[in-house]
Each structure stands twice: as structure tokens, then as C-alpha cells.
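Student: coordinates for the following, if possible.
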Amino acid sequence: MHLTRKAIAERIKDIDVVIELLDARLPGSSANPMLAEMTAAKPRLMVLNKQDLADPVRTEEWLAHYNAMPGVRAIALDASVATPARALVTACHALAPNRGGMAKPMRVLICGIPNVGKSTLINTLKGKRAAKTGDEAGVTKLEQRITIADDFYLYDTPGVLWPRIIVAKSGYNLAASGAIGRNAFNEEEVALELLDYLRQHYAHAVETRYKLQAVEVQTDEQLLDAIGRKRGALQGGAKVNLQKAAEIVIHEFRAASMGRITLETPGEFAQWLAQGQKLDAERQVKKDAIEHARLVRLKKIPRPAKDGDRGDAPS
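Tutor: Sure thing, here's the model as predicted:
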């Protein structure tokens, strides 16, 4: 993360447009606040990738949200489809109309969180396998420069998360989407959070996929147990193997087996962010108070006299 941040800081000086790839199923949670801070002075193109997996109505809400911001444009696409992907070039020229031609080639930085589809998009733009791809976080390791056209250079950077996720719901959504490596979270906990949201907003999709009824009035624990039984995720004593059931739920969300789902709206994310910032500020106040008390205690502890000291230490 430190190396990627350093590389972006160096590269951004010569960049005309910044493309940030977002996961269309969780646009707010997948927007890296560290990148926003580092690239704030540059025109930005927000690309809601994997739109074919996301709720189309909510995708339109997110596009309107980002397009209302100054210096920002937003489009949605599926990175594996060639024609929409080429719209990126047009959008970049709209953001930086004075760039183009061999004398002033367009220089674009593309960035985003791990496993958001950057490498697939680059390969689609290039028309061949210019960047490594993989269904896991952290495939791209080093910055790459890719020539899309004679006057259009694209700089790819490794996917990177920010040091501390202060929005708790974002952490769960990122884990559900595959942006966080599986060793860094508990599948059962993530599946329960996912089901809690789905039963409130996509109850019909869950009922249809797992042949269940009255999903919205069940708890997330009851749902996970019911899904495990439907799918035969059982262990000794006819008990549900909750780990296996959780893996099924997460995998089928990622594969859109339940349908096109988006885990947040702009309004919801704004509330989560405000709550997270408030809690973070409160934690910082407590941390500062503890540090202040520690320093006060240290000052009150008399130092032992060193050899050669004369007289008593001053009080």
C-alpha cells in the first residue's frame, strides 16, 4: 500500500485525467477516500464497473450522484464489453479537451480497489492481454503504462485499500464483493450482514433463489440456517454447517445468482459515512486523552539520579 501510494503521488503530477473504477454493486464503499484526497486537483472519471451485476435503478442513482459533482463525470459499464469500454476515451477527452495529438498526448491514471476489474478493462481497451487478470484481490503488482492509441497513454496501478475502514458497513460490503482477501474476514459474519440487507431490500430475490417464504420477517441467522438446509450444507446431527452455508451465500451474491443487486444507495452511504466519521472522531478524542494522561504520568515520575549528579534532583 505504501509503495502504491508513493507511485501514485509521483505519477499524478503528469496526469491529465484520473479514472477510478468502482464496483457498481457498492459504489460508495468501493471509492477509495485516499485516492480521492490524492487526486482531488485532477478531473475524475468515475466508472461503475460490473453494471451487469448491479441493480440498474440504483446504478442510475449513483451516476446522477457523481455527475452532479464539479470536475467529475461518471459512466457505467461491464469491462468485458468492448463498445461501452471505448466510451472511456471519449469521456476522458471531454474532461481534458485541450489534450490530444502527438504533441499533447492524453495521460490517464486508472486506479481502484483490488478485484474491481481494472485489468479486464485495460485488456478490453487494448484489444489483447496487456494486463494480468484474476478473480482475486491483488493481481496487479506494479505500475504499467499501456498505449491505447498513439496519443492516449494509460497508467495502471495495483489495486489498493485505504489503511483504516471507518465505515463498518463498507467493510462488510467490500468483503462480500471480493475486494478483501478471504483470510482477512469471517465468512459467516459477512454472510449474516449480507442477508440482513438482502431480506430488507431484495427479499423476493432471496425467496426465488432459495425457494423460501416470508424472508423479510426472518432474522439473518434464521435465513442462513434455512439456506444451509435447502442446499444440503449439513453436518453431524442434521445441524447446518454455517461456514459452508455462508460460502454459498457469498459466492452466489458475487455471481449474481440471486439477480442484479446493489448493496447501497447514495443516501444510505452518506448516513453510514457520517456515523463512521462521528465514531472515528470520538475514538480519536479518547485516544488523545489516554496519550495526554500517559504523558502527565511520565512527567510526575522522578528520574533516578545518574552517576556524577550533585545534590538532589529538582522537585
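
Student: now do the helices in this protein.
Tutor: 2-11, 33-38, 56-67, 82-95, 118-126, 168-177, 187-201, 203-210, 220-230, 242-254, 266-300 (DSSP state H).

Student: between those helices, which one is nearest to Pro158?
Tutor: helix 2-11 (5.0 Å; C-beta to C-beta). C-betas here are computed from N, CA, C, even on glycine.

Student: for that closest one, enumerate the helices and strands it packs against.
Tutor: Where contact means 3 or more C-beta pairs under 8 Å, 6 or more residues apart in numbering; DSSP states H and E, helix 2-11 is packed against helix 33-38, strand 106-112.

Student: parallel or antiparallel, which strands does the last one pair with?
Tutor: Strand 106-112 has the following sheet partners, assigned by DSSP bridges: strand 17-23 (parallel), strand 152-156 (parallel).

Student: most tightly surrounded among the ones you listed?
Tutor: Neighbour counts (mean count of other C-beta atoms under 10 Å) averaged over each of the strands paired with strand 106-112 peak at strand 17-23, with a mean of 26.

Student: quick one: it to chain centroid distance?
Tutor: 11 Å (C-alpha atoms, centre = their mean, to the nearest Å).

Student: send me it as CSV with only the CA atoms.
Tutor: This file holds the C-alpha atoms of strand 17-23, laid out as CSV (Å, rounded to 0.1, in the frame of the first residue of the first chain):
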residue,chain,number,x,y,z
VAL,A,17,-7.4,12.6,-16.1
VAL,A,18,-7.9,10.1,-13.3
ILE,A,19,-10.2,7.1,-13.8
GLU,A,20,-11.3,5.5,-10.6
LEU,A,21,-13.0,2.1,-11.2
LEU,A,22,-15.8,1.4,-8.7
ASP,A,23,-17.9,-1.7,-8.1
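
Student: what mean pLDDT does it have?
Tutor: The average pLDDT for strand 17-23 rounds to 95.
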